[in-house]
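J.: This is a predicted model, with the sequence first.
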Amino acid sequence: MIQCEHISKEFGEPPQRILHDINLSIADGEFVSISGRSGSGKSTLLYIISSLDDPTYGKVIIDGQITSKMNVKEIHEFRNKHVGFIFQFHYLLSELTALENILLPPRNLGLYEEYHERALELLKKMNISHVVNKLPSQMSGGEQQRVSIARALIMDPKYLFADEPTGNLDSVNGEIVMEILKEINQQRKTTICLVTHDPDYSKMAQREIFLSDGRVVDSL
Ligand SMILES: Nc1ncnc2c1ncn2[C@@H]1O[C@H](COP(=O)(O)OP(=O)(O)O)[C@@H](O)[C@H]1O
Ligand SMILES: [Mg+2]
């Protein structure tokens, strides 16, 4: 479970407040969306919720631990084992094949061989087995994004954080990505927090959180 208590975030000097006293919690197995206009603070909030960034004030508690109090080793281990990230840009390594990219997280944990079979299964599940030995530059945008989703899922994370994962895709590929997210949530009970400015995709979540100028204005 993730709890955000009185989260505020400031950037710059003099400090400019971007997020204002945000309180929310996300239960295990939930599929939550965070929506709002460009510049409303969605990405900033997601990075704080997911432990990629610290709040200026307030705290994030994940499974009973305050993320900003975890040391570097603890936070890396937590992210490697329990968290998957998907971004608008795929961030695949250009010199590695699809398979090698997907196997990066287990490789970091010394588990490359053990996860080889699962990587192939994920490629199959996402209907992209044909790109297994291709480099990112040899794939379409939709294929690249599905490879990056497979990489996010390889360790079967408890939490999946996605920042505009459909932002660079056409509507057909956007739908495919959303269907994959829904299926992971239903089948693996993965807790998903999806940031999107697209109301159609936002509605596909079980619960919608709306941000406006760094404040939660509504939660359905
Ligand atoms: N590292 C940063 N330094 C200064 N300002 C930032 C930084 N990151 C985000 N901001 C500002 O915070 C506001 C919210 O940004 P962001 O969270 O990216 O919004 P969204 O994802 O909803 O488009 C914007 O005004 C942006 O310019
Ligand atoms: Mg953003």
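T.: Arrived safely. Ligands and ions are numbered 1, 2, ... in the order given.
J.: Point out the residues in this structure that sit beside ligand 1.
T.: The interface of the chain toward ligand 1, taken as CB under 6 Å from any ligand atom, is made up of Phe11, Gly12, Ile18, Gly36, Ser38, Gly39, Ser40, Gly41, Lys42, Ser43, Thr44. C-betas here are computed from N, CA, C, even on glycine.
J.: Make a ChimeraX selection of the buried ones in those.
T.: Buried residues among these (16 or more other CB atoms under 10 Å), as a ChimeraX selection:
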select :18,36,40,41,42,43,44
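J.: Compile the residues of the chain next to ligand 1 into TSV and extend it with columns for pLDDT.
T.: Converted to TSV, these look like this (pLDDT from 0 to 100):
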residue	pLDDT
Phe11	97
Gly12	95
Ile18	97
Gly36	95
Ser38	94
Gly39	96
Ser40	96
Gly41	97
Lys42	97
Ser43	97
Thr44	98
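J.: Let me see the contact set for the residue nearest the centre of the chain.
T.: Residue closest to the mean C-alpha point of the chain, counted by CA atoms, centre = their mean, is Phe161 at 1.9 Å. When contacts are counted by CB atoms under 8 Å, 6 or more residues apart in numbering, Phe161 touches Leu46, Ile49, Ser50, Val83, Gly84, Phe85, Ile86, Ile192, Cys193.
J.: before we move on, the earlier item: check the residues of the chain next to ligand 1 and tell me the two furthest apart.
T.: Gly12 and Gly36 (20.9 Å; CB to CB).
J.: Tell me which of the residues of the chain next to ligand 1 fall in strands.
T.: If you go by DSSP state E, the residues of the chain next to ligand 1 have Phe11, Ile18 in strands.
J.: Among the residues of the chain next to ligand 1, find me the one that's closest to Leu109.
T.: Proximity of the residues of the chain next to ligand 1 to Leu109 was ranked by CB to CB; the top entry is Ser43 with 27.1 Å.
J.: these two touch, right, the closest one and Asp163?
T.: Yes. Using CB atoms under 8 Å, Ser43 is in contact with Asp163, at 5.5 Å.
J.: Report the set of residues contacting both of those two.
T.: Taking CB under 8 Å, 6+ apart as the contact rule, Ser43 and Asp163 both touch Val195.
J.: Now the helix or strand bottoming out on mean pLDDT in the chain - C-alpha only, PDB.
T.: Using mean pLDDT, DSSP states H and E, the weakest-scoring helix or strand in the chain turns out to be strand 215-219, at a mean of 85. What follows is strand 215-219, C-alpha atoms only, in PDB (Å, rounded to 0.1, in the frame of the first residue of the first chain):
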ATOM      1  CA  ARG A 215      -3.700  20.200  -6.100                       C
ATOM      2  CA  VAL A 216      -6.000  17.200  -6.000                       C
ATOM      3  CA  VAL A 217      -9.300  18.700  -7.100                       C
ATOM      4  CA  ASP A 218     -11.300  15.500  -7.400                       C
ATOM      5  CA  SER A 219     -11.000  11.800  -6.800                       C
END
